[in-house]
Each structure stands twice: as structure tokens, then as C-alpha cells.
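1. Have a look at this fold, sequence not included:
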């Protein structure tokens with residue numbers, strides 16, 4: 001038996017990846033987590049998490065991820081803070097090279113420190129990154145007045161004034177959620193019409209707490225430590241003005257971290273396709289969390305998908321004998 005062969009390698013260390021690791025190790029499967037140089041996923045950028053079960057008074061995002069990591073390690077998971085880069089490219093009999101697309105088994109995973117790890121199965125749990133506005137003053141205020149999740153952070157803006165940036169269904173949903181908390185919600189969109197569904201647009205336009213500004217872009221976030229306002233630009237007149245606000249909810253989309261995985265089926269937006277619960281089109285490769293979930297995008301659902309993927313891995317290995 002190859003002592004260097006893992007039963008499962010989990011790529012990603014957010015709620016889905018670490019939950020999967022807890023389950024695989026408790027099933028006595030030799031587990032390696034390729035956690036990434038910036039391990040922990042998007043919750044590492046979140047201040048208070050109040051909607052994850054078990055924490056009546058909430059918990060800071062990094063504290064929650066550290067607790068998950070300790071639990072996975074307690075049960076025997078090995079966690080490396082390195083990045084997945086590629087699969088080892090197998091040589092052909094004619095001396096050429098095959099593409100590194102999960103053709104060869106056991107799978108050979110190469111990390112960014114040029115080390116190779118072999119495994120019987122893989123769980124892809126690399127998550128998705130929020131598309132931010134990429135404007136001056138934004139990066140340092142993420143989690144300090146800038147959010148991408150109204151259901152997660154809306155409660156912190158009771159009685160305050162916020163803006164939502166975007167024009168799709170996600171932006172409509174964010175704006176509607178924020179009307180439950182904020183005093184006023186301003187929806188800013190860079191075009192003269194929304195791309196959201198008609199029903200969502202109707203709900204937004206009929207809500208008296210939502211103000212809509214078209215043909216406008218945020219060009220700078222104001223404030224020293226936290227958000228105090230924004231500079232906005234009318235892209236028809238090029239007029240720039242300042243708007244005092246307490247919070248910004250960015251809803252211009254998510255980018256699943258899937259491009260590095262060749263040979264795995266993805267949809268038109270890059271989310272990994274799922275067949276029969278958590279299976280991909282590649283035998284022995286499973287997926288969990290926001291890298292395939294374009295709908296819910298919650299820590300608790302990501303954890304649930306991690307559990308499902310781990311149980312599927314356990315069943316798959318048992319069936320393989």
C-alpha cells in the first residue's frame with residue numbers, strides 16, 4: 001500500500017472544504033486539504049456572522065473559520081497553506097504530453113511550491129470570489145462598510161442609509177432585503193435599464209424605501225476607517241458628485257474559482273456542473289460549495305455541500321473496494 005497516497009484531497013479551505021475534511025477524517029479517510037495561501041475563504045473578510053447555527057450572539061468570520069480548521073485538524077486532516085496549480089501532466093508513450101485534465105489515476109496534484117500529492121479522489125471546494133468595483137477606497141473597507149451579502153450583514157445597518165450597486169436579480173434581492181433594515185436604500189446602476197427579471201424589477205420599483213439612480217457609477221469610496229460616503233459619476237454627463245452613506249452592498253456578480261480545472265464541465269458563467277448530488281463529469285472528482293452553487297451562496301449551505309461531497313467520496317471509495 002502506498003503510504004504517500006491520499007484517499008481524498010480537498011482543494012479549498014472555506015466552510016465547504018473544512019466541513020468535508022471533518023467528515024472524511026471521521027470516516028477514517030486519509031485527507032489532505034490544499035487550503036491556499038489565503039486560506040479560509042470569504043468569511044476571513046467578514047466581521048460578524050450572525051446566521052451560522054450555534055452562535056446565539058454571532059461570531060467573527062475569522063474566528064468561525066479557525067474553529068472549523070481546528071476541528072478538521074483534531075480529527076486528523078492535514079492542511080497545507082499552499083495553492084493548487086495544476087495536475088501532473090502524464091507522458092504519452094510517444095514522448096509527448098497529455099493535458100493535465102484529470103485523465104490519469106491516481107490523480108497527481110501539484111501545488112505552487114512544486115510538490116506533488118497523489119490521491120484516489122478529489123473534492124473541489126475553491127469557492128467563488130465577489131466581483132468588486134475596483135475603485136479607490138474600496139479594498140480596505142471590505143467588511144468595514146462594504147459587503148456583498150445583505151442577508152449576512154443587513155442587520156448592522158438598521159436605520160441607516162445604504163446603496164446597492166448592480167442591475168441583475170442579485171442586486172434587486174439585496175436592495176429588497178436591505179429595506180427591512182435600512183432607512184433608505186439607493187440602487188445604483190451604470191446602465192439606463194436593469195437586466196433583472198421583470199418580477200424583481202417590479203418589486204423594487206414599487207418599494208417606497210428604494211430610490212433608483214440610472215447611468216451612474218461609483219468611482220470612489222469615502223471614509224478613513226469606515227464608509228462615510230461615495231463619489232458617483234453620471235456616465236452620460238460625466239458629472240461627479242458626493243453622496244453621504246453608511247454602507248455599500250456590491251452585487252455585480254461572482255466569479256467561481258474554477259478556471260484552473262481543465263476537463264471539468266462548467267456552465268456559461270464558470271460554475272462547475274453537478275451530476276447526481278456532488279459528482280462532476282470526472283469519475284472520482286466531486287465538488288462542494290460556491291464554486292458550483294450560483295443560487296444560495298451562504299456559509300451554512302456551503303458547509304452542507306461539503307458534508308454531502310464527503311459522504312459521496314466515502315461511498316465511492318467503498319464501492320471501489
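-> Yep, that arrived. Nothing here was measured: the structure is a model prediction, and the numbers come from that model. Numbering: from 1, shown residues only.

2. residues in contact with the closest residue to residue 76 other than its chain neighbours?
-> When the adjacent residues along the chain are set aside, residue 76 lies closest to residue 25, with 4.3 Å between them (C-beta to C-beta, 6 or more residues apart in numbering). Placement of C-beta: from N, CA and C, glycine included. Residue 25 makes contact with 31, 72, 75, 76, 77, according to C-beta atoms under 8 Å, 6 or more residues apart in numbering.

3. quick one: residue 25 is in a helix?
-> Yes: judged by DSSP: H, G, I helix; E, B strand; the rest coil, residue 25 forms part of a helix.

4. Beyond the helix or strand bottoming out on mean pLDDT in the chain, next helix or strand please.
-> The helix or strand with the lowest mean pLDDT-type score in the chain, counting by mean pLDDT, DSSP states H and E, is strand 48-49 (a mean of 80). Moving toward the C-terminus from strand 48-49, the first helix or strand encountered (DSSP states H and E) is strand 59-60.

5. Tell me the first helix or strand C-terminal of that following strand.
-> Taking DSSP H and E, what comes next after strand 59-60 is helix 61-74.

6. neighbouring contacts of that next one?
-> Judged by C-beta under 8 Å, 6+ apart, the contacts made with helix 61-74 from elsewhere in the structure are 13-15, 18-19, 21-22, 25, 33, 39-49, 52, 55, 59, 79, 143, 299.

7. For the helix or strand where residue 151 lies, report the contacting residues that lie outside it.
-> Take DSSP H and E as the rule and residue 151 turns out to sit in helix 150-153. Counting by C-beta under 8 Å, 6+ apart, the neighbours of helix 150-153 from elsewhere in the structure are 46, 48-51, 147, 164, 173-175, 177-178, 247, 249, 298.

8. Please indicate which of these are buried?
-> For the contacts of helix 150-153, burial is judged from neighbour counts taken by 16 or more other C-beta atoms under 10 Å, and it is met by 46, 48-49, 147, 164, 173-175, 177-178, 247, 249, 298.

9. Out of those residues, list just those in helices.
-> Within those, residues falling in helices by DSSP state H are 173, 174, 175, 177, 178.

10. for the residues you listed, which one is nearest residue 274?
-> When those are compared for distance to residue 274 (C-beta to C-beta), residue 173 wins out at 22.5 Å.

11. and that closest one, what does it touch?
-> If you count contacts by C-beta under 8 Å, 6+ apart, residue 173 has them with 150, 200, 251.

12. sorry, back to before: reformat the ones in helices among the buried ones among the contacts of helix 150-153 into CSV and put distance to residue 185 and pLDDT next to each item.
-> Compiled in CSV, these are given as follows (distance: C-beta to C-beta, whole Å; pLDDT from 0 to 100):
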residue, distance to residue 185, pLDDT
173, 12, 88
174, 9, 92
175, 5, 95
177, 9, 93
178, 5, 96
